[in-house]
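Asker: Please find the sequence and the predicted model below.
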Amino acid sequence: MIEIPLKYPGKHDDDKVVLFVRKHWVKYLVVSIISVLLFSIPLIAIIVFFSNKSEIDSMSVEIITVSIGIYLLIVMALILQAFVDFYLDMFVITEDRIIFVRQNGFFNQQIDESHIAEISEVGVDIKGFINSVVGCGDVIVHMGNDEAILTIDDIQHPEKVAREITRLHKEFVGKGNANQEVSDDKEKE
């Protein structure tokens, strides 16, 4: 079997990826349902418009065609933007770092990165009936100071991810090199 190398922003050559997580598919399902509803609006409008007219002039048909074309282009652009946001949001846990890539629109990408040694607490937040049923929730990572919080939202199996982060943190601190690695990383920057 051929292994495809994993690419993500902020990747180092020596990274060993432990977990790679994207947003839960159910979040994109909501966008898909709304998209179907938005695509049905022009069809309903055409049926209503043409059922009330006994004579249809060519100017009305041209205006309706152009209007529907513009509307559908806008809807498709919104759907594409929602898919790009969904697909390019990623959460990568390596043996010594946590990287959270957030895509906001087409040209705005935010990358949050933290060292495993800086973690003080990891929590899980699952809100709502649907999230409980499908196993979707947020992972909240508190850093050493109270102000630094990394929230990884709407991922599948948040408990598993939180356990893995906690395990990596305990392993890293157990090796006794937590302070050494953090200071080495800050010197590289």
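Answerer: That came through, no problem. As the structure is a prediction and not an experimental result, all values here were calculated from the model.

Asker: Could you list the low-pLDDT ranges of this protein?
Answerer: The model of the chain has pLDDT under 70 over residues 1-8, 10, 53-55, 145-147, 176-189.

Asker: Show me where it has its strands.
Answerer: Listed in chain order, the strands found in the chain under DSSP state E are 17-22, 90-94, 97-103, 109-115, 119-125, 136-143, 149-156.

Asker: For the fourth one, buried residues please.
Answerer: When you say that, I think you mean strand 109-115. 112, 114-115 (16 or more other C-beta atoms under 10 Å). The way it works is simple: take the backbone N, C-alpha and C, and place the C-beta from them, glycine included.

Asker: What is the nearest of the residues you listed to Thr65?
Answerer: Of all those, Thr65 sits closest to Asp112, with 46.1 Å by C-beta to C-beta.

Asker: picking that back up, let me have the buried residues of strand 109-115 in a markdown table, extended by distance to Ile34.
Answerer: Converted to a markdown table, the buried residues of strand 109-115 look like this (distance: C-beta to C-beta, whole Å):
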| residue | distance to Ile34 |
| --- | --- |
| Asp112 | 28 |
| Ser114 | 34 |
| His115 | 39 |
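
Asker: quick check, nearest of these to Asn52?
Answerer: Nearest member of the buried residues of strand 109-115 to Asn52, counting by C-beta to C-beta, is Asp112, at 54.7 Å.

Asker: And the residue nearest the centre of the chain, how close does it get to Val18?
Answerer: For the chain, Asp89 is the residue whose C-alpha lies nearest the centre (C-alpha atoms, centre = their mean; 3.2 Å). Counting by C-beta to C-beta, to the nearest Å, the separation of Asp89 from Val18 is 18 Å.

Asker: got it, and Thr166?
Answerer: Following C-beta to C-beta, the distance that separates Thr166 from Val18 is 12 Å.
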